[in-house]
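Q: got a sequence here, can you model it:
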Amino acid sequence: MSLKLHLKPNEKIIIGGAVIKCGRHDVDFTVENNVPILRQKDIMTEAGAISPSQRVYFMLQLMYVDSAAETTHYHDSYRELEQEIITAAPSTGRFFEEINREITAGKMYRALKVAQALITYEKELIAHAAGAPVVV
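A: Residues are numbered from 1 along each chain as shown. Now for the predicted structure:
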């Protein structure tokens, strides 16, 4: 199944582990095989992963785009983060149940989407604890 993509000028995308940056003009292209793809809006940098749930997302992203040889380390780091977060906020367990189902099913992109929901939930918990309005 092919995937048609449109990139805006200077937009970045990860395709199969390679970071690709569009030039000065829009580009349309088609990816003809099944490879990990992340658009710029979904890419988390290590420096940008400052909260526990963002670090979970970052680990899942690495599992998604990196070679299979490296994923054991990422899985171990993910499991440590999972335990730390669930211990601190047991209500996050439902997100990890869903993330783990997606990982087991080999649906890493879907696991990333659940991790995005976890990030939003974490912001809500922090805002509630601080008595501040939620900014998402």
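
Q: for stretch 16-23, C-alpha coordinates in CSV please.
A: Extracted C-alpha coordinates of stretch 16-23, given in CSV (Å, rounded to 0.1, in the frame of the first residue of the first chain):
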residue,chain,number,x,y,z
GLY,A,16,12.7,4.5,7.6
GLY,A,17,15.1,6.1,10.1
ALA,A,18,16.4,8.7,7.6
VAL,A,19,15.7,12.4,8.4
ILE,A,20,14.7,14.2,5.2
LYS,A,21,14.3,17.9,4.9
CYS,A,22,12.3,19.5,2.1
GLY,A,23,13.9,22.3,0.1
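
Q: can you pull out the strands in this structure?
A: Shown for the chain, the strands assigned by DSSP state E span residues 3-7, 12-15, 18-21, 27-31, 37-39.

Q: can you list contacts of the second one?
A: So the one you mean is strand 12-15. For strand 12-15, contacts defined as Cβ atoms under 8 Å, 6 or more residues apart in numbering pick out 5, 7, 19-22, 31, 35-40, 43, 65. Just so you know, the C-beta spots here come from the backbone N, C-alpha and C atoms, and that holds for glycine as well.

Q: what do you get if the cut-off is 10 Å, keeping everything else the same?
A: Applying Cβ atoms under 10 Å, 6 or more residues apart in numbering, the external contacts of strand 12-15 come out as 3, 5, 7, 19-22, 27, 29, 31, 35-43, 61, 64-65.

Q: list buried residues within those.
A: By neighbour count, with 16 or more other Cβ atoms under 10 Å, these hold 5, 7, 22, 36-38, 42, 61, 64-65 as buried.

Q: between which two of those is the distance greatest?
A: The largest separation in the buried ones among the contacts of strand 12-15, counting by Cβ to Cβ, is between 22 and 64 at 21.1 Å.
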